[in-house]
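Engineer: Okay, predicted coordinates and the sequence, questions at the end:
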Amino acid sequence: MSRFFKMGGRCGAYGRGMDANAVKTYGIGELLGLARERAVPVVRGIPDEALAGPTPCAEYDVKALVNHLFQVIVQFQRLAVKETSDFGETPDRVGEGPDWRERLADEADRLVAAWSAPGAEEGTTGGMNMPARLVGSMALLDLTVHVWDLARATGQDHPGADEAVVTELTGAVAELAPTARKMGVFGEPVAEPEGASRFERLLARTGRDPHWPRS
């Protein structure tokens, strides 16, 4: 999803007084926090010997996809505070040292904090002046689907996604898909497996095969 920004640089309790049947509105920071809790164990579970292996993102091996996710997590912190992002070049953070897993986890914490700050969801951000909430959803999408990619690629059980995250991303993907497909960010949608979960349907709409085989 970071390619949208090349021009710019690519559960909580009910509130007091709310009806018990009201649907909770989640902030992007909250949703990123949920995604972060599921993502970090997958990242920590990537063995060094898997870094050269293929992923469901055909243009990335595991190492390149980790570096891409790292870059997304760092640059979307800047977008949360309405700074200019730079997706023009992806540093090799995996190659910087064996502690890359913990460094990525720390950056994910900073991402959650940045999008949880007052005003992060207000106004517009990024080189294309997109609504800030939608931009935050793009960070959430990468943190969710690329973790699925990495889990699938490295033989790990995918931890799933919270229903609130899937709900947010379903709306975001529907809004982003036409432009994302033109830009090559999403592939063409694939057939949804019979009996697919909501999360598997989301993956299919981004051009992923929910039953992608690790080879």
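Structural biologist: Received, thanks. Numbering: from 1, shown residues only.
Engineer: how many other residues sit next to the residue nearest to residue 158 when sequence neighbours are not counted?
Structural biologist: Spatially, and ignoring its direct neighbours in sequence, residue 158 is nearest to residue 151 (4.3 Å; C-beta to C-beta, 6 or more residues apart in numbering). Backbone N, C-alpha and C define where each C-beta goes, glycine included. Per other C-beta atoms under 10 Å, the neighbour tally for residue 151 reads 21.
Engineer: Over to residue 82?
Structural biologist: When neighbours are defined as other C-beta under 10 Å, residue 82 has 15 of them.
Engineer: contacting residues around the closest residue to it other than its chain neighbours?
Structural biologist: Excluding its sequence neighbours, the residue lying closest to residue 82 (C-beta to C-beta, 6+ apart) is residue 125, at 5.1 Å. Neighbouring residues of residue 125 by C-beta atoms under 8 Å, 6 or more residues apart in numbering: 79-80, 82, 132, 135.
Engineer: cutoff 10 Å now
Structural biologist: Shown in contact with residue 125 (C-beta atoms under 10 Å, 6 or more residues apart in numbering): 5, 8, 76, 78-85, 131-136.
Engineer: quick revisit: could you give the average pLDDT over whatever helix or strand the residue nearest to residue 158 lives in?
Structural biologist: Using DSSP states H and E, the secondary-structure element containing residue 151 is helix 132-153. For helix 132-153, mean pLDDT rounds to 96.
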